[in-house]
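In: here are the coordinates; sequence isn't available:
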DNA sequence: CGCGCGCTTGATTTGCGTCAATATGCGTGG
DNA sequence: CCACGCATATTGACGCAAATCAAGCGCGCG
């Protein structure tokens, strides 16, 4: 269902009955190369709706460390991640902190139907965002059951991930935790890395040791020690943030099932 | 209050007796006193649909310890919890276990649009269930946007909870963990318990020490020791599974924000 | 009764945190 | 260019909270 204010557009459709034209040429420039159109929530939208959303959207670039909740980005804006890594944090009054989730492109950011529940949202790396007003998305949701389904899917996926990390944080040793984390990042940077005796690959960690500690429930020192141990044992090669996975098999093995 | 409102309506309805009859008497017996009709997913259904669902539903009672995934309850059945506590678990090949969630009435059990993701589902206490075939629920979802929204809401709530427990498991001390857990149970058994200097209340823990340990990432011994400490310090009174909260304020304080 | 199971309690060990010192960039300004 | 300061990492020595090991208790049940 399309909003009424597009009357002239409606007329256009009638005079140009070739629907295919709209499908091919109707995709906003902003969106043509956007991941969110395929794997993200925008995949649920018709070209027309995509145009509507795109018109209300703005692209932002945030530097590392920028908070995107209650601060720069008021709560009335939602967004898709175009690139970069976003961390979701919770903290105790005395300063202890836990990272409760990491989001990558093309994840949807922002919680539908409620205020963001006292969790902090922060750019872990430079991040670029495609953001749009809450009202627009809300309206599209009413009109498009598929959109709500996508949101449900993402929520369920995040739920699975959160539960997986609960296991890691609650029951694994420091070594296993760090291995699991490396696997998460490696897989996210290069999804093809999964093969058995894969040649592995190198990448830069998107998080500082402090962040990694906050994610795994460890201190920076312990994280650092585990890195050097993994290096010494030949599973990886570390130099600062640069990591190369040398033995994917043993790493995955260490991380546990 | 409820009674009064009903009486008033009944008088009004006399002008349209047939339809109202359907509305009042149309609620399946199975459902009349069911929590799921109010706070659960069934609240999104029209009476007609409720009848359809109820007709396909069966009530089950499971004893403590019963597995409800891939076992007694095949994956093609979903269910609402009518009473009891259900635990969601994950485990490592070597036997280490983590409880990644607890569900109470009237939560919906079962994951829409996918196989249950390698997580175990088990009755922590005797549990009664209202279960129905996947097909029926799937069909109702297509027809009722509100239903999908309810599912999204529950998923988002569970996500919040999972993240809250990630913080607890990752960053809190044993004492804080146990206090947080007691709060969770206390609040769930008696939602009115929340007041500041509330008189507090007594209840039976729905979980064994082993389960509590698996939930908090602790051993039974540590859980036990923390219980006796909280008892000695006068925050609670423990005797086996029976717990009485004596000082809600201090307990909540200990649990952290 | 005696056996098993859930729970408590104590003694001992240990993995990880804490504290502290040192290194390694990296930007900034002299 | 080097010198300096600051943030991030590494490394080591030490301490402690929680795990592990080990009895022993209460209680329901065959």
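Out: The structure has been received and is ready for your questions. Just so you know, these numbers come straight off a predicted model, no measurement behind them.
In: where along the stretch 51-200 of chain A do the strands fall?
Out: Remark: strands assigned in the stretch 51-200 of chain A by DSSP state E, counting those that start in this stretch are A:58-62, A:77-83, A:86-91, A:97-103, A:108-109, A:120-123, A:127-133.
In: so which of those strands gets nearest residue B:208?
Out: With CB to CB as the criterion, residue B:208 lies closest to strand A:97-103 of the strands of the stretch 51-200 of chain A, at 26.6 Å. C-beta: built from backbone N, CA, C; applies to glycine.
In: residues of the stretch 101-250 of chain A that sit close to DNA strand D?
Out: With CB under 7 Å from any atom of the strand as the criterion, the stretch 101-250 of chain A meets DNA strand D at residues A:208-210, A:220-221, A:223-225, A:227-228, A:238-241.
In: redo these as a markdown table? Include secondary structure.
Out: Shown next, in a markdown table, are these (DSSP: H, G, I helix; E, B strand; the rest coil):
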| residue | secondary structure |
| --- | --- |
| A:208 | coil |
| A:209 | helix |
| A:210 | helix |
| A:220 | helix |
| A:221 | helix |
| A:223 | helix |
| A:224 | helix |
| A:225 | helix |
| A:227 | helix |
| A:228 | helix |
| A:238 | strand |
| A:239 | strand |
| A:240 | coil |
| A:241 | coil |
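In: ranking those residues by neighbours, who comes first?
Out: Greatest neighbour count in these, by other CB atoms under 10 Å in any protein chain shown, goes to residue A:223: 23 neighbours.
In: just for the stretch 1-150 of chain A, where's the confidence low?
Out: Within the stretch 1-150 of chain A, the ranges that satisfy pLDDT under 70 run A:1-25, A:70-75, A:115-116.
In: residue A:46: what's it in contact with?
Out: residue A:144 (CB atoms under 8 Å, 6 or more residues apart in numbering or on different chains).
In: turn the strands of the stretch 51-200 of chain A into CSV, columns for mean neighbour count.
Out: Compiled in CSV, the strands of the stretch 51-200 of chain A are given as follows (neighbours: other CB atoms under 10 Å in any protein chain shown):
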stretch, mean neighbour count
strand A:58-62, 14
strand A:77-83, 21
strand A:86-91, 21
strand A:97-103, 23
strand A:108-109, 22
strand A:120-123, 20
strand A:127-133, 21
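In: columns distance to residue B:178 on top of those strands, output as TSV?
Out: Formatted as TSV, the strands of the stretch 51-200 of chain A follow (distance: least, CB to CB, whole Å):
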stretch	distance to residue B:178
strand A:58-62	39
strand A:77-83	37
strand A:86-91	19
strand A:97-103	18
strand A:108-109	34
strand A:120-123	26
strand A:127-133	38
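In: that older thread, any chance of the residues of the stretch 101-250 of chain A next to DNA strand D in a markdown table, with pLDDT too?
Out: Shown next, in a markdown table, are those (pLDDT from 0 to 100):
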| residue | pLDDT |
| --- | --- |
| A:208 | 98 |
| A:209 | 98 |
| A:210 | 98 |
| A:220 | 98 |
| A:221 | 98 |
| A:223 | 98 |
| A:224 | 98 |
| A:225 | 98 |
| A:227 | 98 |
| A:228 | 97 |
| A:238 | 96 |
| A:239 | 94 |
| A:240 | 92 |
| A:241 | 95 |
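In: what's the closest of the residues you listed to DNA strand C?
Out: Of all those, DNA strand C sits closest to residue A:221, with 4.0 Å by CB to the nearest atom of the strand.
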